[in-house]
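> The sequence and its predicted three-dimensional model are supplied below.
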Amino acid sequence: MALSPAPAPRLPGHPHFAYQDGALRVEGLPVADLAREHGTPLFVYSQTAMLSALAAYQRGFAGRQALICYAMKANSSLAVLQTFVQAGCGLDIVSGGELARALRAGVAPEKVIFSGVGKTRAEMRAALEAGIGCFNVESLPELDVLSEVATAMGRRAPVSLRVNPDVDAKTHPYISTGLKGNKFGIAHDAVLQAYRHAAQLPGLKVVGIDCHIGSQITEMSPYLDAMDRILDLVDAIEAAGITLEHIDFGGGLGIDYQGDTPPAADALWQALLAQLDARGYGQRRLLIEPGRSLVGNAGICVTEAVFLKPGEQKNFLVVDAAMNDLPRPAMYEAYHAIVPVQPRAGEASAWDVVGPVCESGDWLGRDRALNVQPGDLLAVCSAGAYCMSMSSNYNTRGRAAEVLVRGDRAQLIRARETVDDQLRQERLLALG
Ligand code: LLP
């Protein structure tokens with residue numbers, strides 16, 4: 001079918017995705033060709049976009065002792081992990097499952113840090129066995145249990161305490177983590193005592209201090225405030241005779257979903273390092289845990305328009321991707337731009353883009369101006385972070401396939417999940 005030229009829509013903040021000759025390309029490849037070969041829904045990632053997002057942090061830390069631990073919860077597909085591991089990153093993990101993935105991707109265990117409020121004894125043992133670099137501990141009971149587990153194994157667990165600095169990250173309440181009312185971290189005024197406790201536990205070795213104030217942060221000021229409050233604590237902890245080898249400032253930097261204007265990673269770190277230098281900690285080993293900002297705008301989800309359902313109050317455009325593939329709109333009312341892969345000339349009308357799942361919450365975008373016909377391909381933007389890693393099998397829908405592109409080469413990095421894959425662990429009733 002011949003498509004007449006139409007103006008190219010804007011993709012927010014997606015380097016390496018662009019329209020050429022009326023069709024969306026990822027690096028050197030037409031997105032439509034990938035969809036034809038692998039079917040839809042299909043996650044398509046640009047490896048170059050991931051590496052250029054990483055390069056901004058690396059520029060920011062040039063000449064410093066710093067380790068970038070990619071927060072793999074954002075996208076834990078093995079080939080994505082390998083991309084960052086092979087570029088020198090460590091990994092921030094939050095479960096035994098993520099530990100196994102991290103090791104499978106070939107990370108050096110000493111570059112792994114383990115965050116999370118509810119580590120089990122089995123997870124602690126597995127991480128000690130692997131020889132990870134640091135446990136980011138979030139409570140006093142966790143300190144005691146970790147010491148006990150490590151002592152029983154004849155080891156000492158390297159620990160850092162996650163401080164809740166009580167600063168407002170000015171983001172969605174579900175992804176704000178550094179306020180007093182959050183479940184995360186140890187309250188600022190209880191931290192010194194917790195360090196004293198940690199320092200005398202036999203199974204622990206205090207190595208650092210840690211914080212994370214939230215996610216999709218688009219301003220510098222919460223970071224600057226958090227840094228000040230953390231450095232106040234470092235002063236006090238070291239005055240008490242406990243040495244900290246590293247300071248971990250967490251992740252959280254936002255991306256452009258809808259005209260958002262977060263600072264660039266190198267600009268943010270220029271400001272933060274100036275503050276660190278001014279307070280005399282510029283030579284300290286630094287860790288960070290970025291997730292979304294490394295992968296979010298390096299990926300799209302390609303979906304096919306299935307039916308048009310114009311209505312009296314609303315027009316619904318039913319597509320083959322759904323809340324099980326892209327849960328962020330349903331969970332946080334998050335905005336993801338939705339653009340046609342091959343834009344049509346002519347007038348657009350307003351559509352609610354929805355999936356086939358049996359829930360009114362199964363929407364991907366509301367009131368989107370699109371000129372679309374059944375069979376057209378659409379790209380749901382900013383789908384590299386917290387989409388595949390949060391996907392589910394709701395409605396017995398298989399997880400989508402994933403393709404990673406570098407230059408003019410594409411690799412299928414996750415085959416589409418089959419119904420057999422889903423049924424494999426289940427057993428038919430055998431009780432008679
Ligand atoms: N470190 C810790 C301890 C974290 O809890 C998180 C994210 C990160 C690092 C990485 O944060 P990032 O750089 O990606 O902002 N599912 C939500 C986001 C949840 C973030 C949870 N913690 C979403 O889709 O917006």
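Structure received. Numbers count the residues shown, from 1 in each chain.

> Which element, helix or strand, includes Val163?
Secondary-structure assignment from DSSP states H and E places Val163 in strand 157-164.

> By mean pLDDT, flag the weakest helix or strand of this structure.
When the helices and strands of the chain are scored by mean pLDDT, DSSP states H and E, strand 186-187 comes last with a mean of 92.

> Could you export the top strand by length along the chain as CSV, CA atoms only?
Assignment by DSSP state E gives strand 299-309 as the longest strand of the chain. Taking Å, rounded to 0.1, in the frame of the first residue of the first chain, the C-alpha atoms of strand 299-309 are listed here in CSV:
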residue,chain,number,x,y,z
GLY,A,299,13.5,1.4,23.7
ILE,A,300,10.0,1.4,22.1
CYS,A,301,7.2,-1.2,22.1
VAL,A,302,5.8,-1.8,18.6
THR,A,303,2.2,-2.8,18.5
GLU,A,304,-0.4,-3.3,15.8
ALA,A,305,-3.7,-1.6,15.6
VAL,A,306,-6.3,-4.4,15.8
PHE,A,307,-9.7,-2.7,15.7
LEU,A,308,-11.1,0.9,15.6
LYS,A,309,-14.1,1.4,17.8
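
> Now do the buried residues in it.
Buried residues in strand 299-309, counted by 16 or more other C-beta atoms under 10 Å: Gly299, Ile300, Cys301, Val302, Thr303, Glu304, Ala305, Val306. (C-beta placed from N, C-alpha, C; glycine too.)

> Could I get the contacting residues of the residue lying closest to the last one once chain neighbours are set aside?
I take that to be Val306. Distances taken as C-beta to C-beta, 6 or more residues apart in numbering place Val318 nearest to Val306, at 4.8 Å, with adjacent residues excluded. By C-beta atoms under 8 Å, 6 or more residues apart in numbering, the residues touching Val318 are Ala305, Val306, Phe307, Leu308, Lys309, Val354, Gly355, Pro356.

> Let's see that with 10 Å instead.
305-309, 351-356, 362, 374 (C-beta atoms under 10 Å, 6 or more residues apart in numbering).

> from those residues, which two are the most distant?
Based on C-beta to C-beta, the longest span within the contacts of Val318 runs between Asp362 and Pro374 and measures 18.5 Å.

> if we can go back for a sec, could you pick out which of the buried residues of strand 299-309 are near the ligand?
Applying C-beta under 6 Å from any ligand atom to the buried residues of strand 299-309, one finds that nothing falls near the ligand.

> Serialize those residues to a markdown table and add fields for pLDDT and distance to Val339.
Formatted as a markdown table, those follow (pLDDT from 0 to 100; distance: C-beta to C-beta, whole Å):
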| residue | pLDDT | distance to Val339 |
| --- | --- | --- |
| Gly299 | 98 | 14 |
| Ile300 | 98 | 9 |
| Cys301 | 98 | 12 |
| Val302 | 99 | 11 |
| Thr303 | 99 | 11 |
| Glu304 | 98 | 14 |
| Ala305 | 98 | 13 |
| Val306 | 98 | 18 |
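
> Tell me the residues of this protein that contact the ligand?
Checking the chain against the ligand by C-beta under 6 Å from any ligand atom, the hits are 71, 74, 92, 115, 175, 177, 212, 215-216, 250-253, 289-293, 328, 332, 386.

> hmm, which of the residues you listed are the buried ones?
Applying 16+ other C-beta under 10 Å to these, the neighbour count classes 71, 74, 92, 115, 175, 177, 212, 215-216, 250-253, 289-293, 328, 386 as buried.

> I'd like to know which of the residues you listed are part of strands.
Among those, the members found in strands (DSSP E) are Ala71, Asp92.

> Straight-line length of stretch 130-137, end to end?
For stretch 130-137, the first-to-last residue distance is 18 Å (C-alpha to C-alpha, to the nearest Å).

> tell me which residues of that stretch are tucked away?
Buried, per 16+ other C-beta under 10 Å, within stretch 130-137: Ala130, Ile132, Gly133, Cys134, Phe135, Asn136, Val137.

> ok, those residues vs Arg10, which is closest?
Nearest to Arg10 among the buried residues of stretch 130-137 is Asn136, at 38.3 Å by C-beta to C-beta.

> residues near the closest residue to Gln422 other than its chain neighbours, how many?
Distances taken as C-beta to C-beta, 6+ apart place Asn393 nearest to Gln422, at 5.6 Å, with adjacent residues excluded. Neighbourhood size, Asn393 [other C-beta atoms under 10 Å]: 13.

> quick one: contacts for Asn393?
Contact partners of Asn393, counting by C-beta under 10 Å, 6+ apart, are Asn324, Arg399, Glu417, Val419, Asp421, Gln422.
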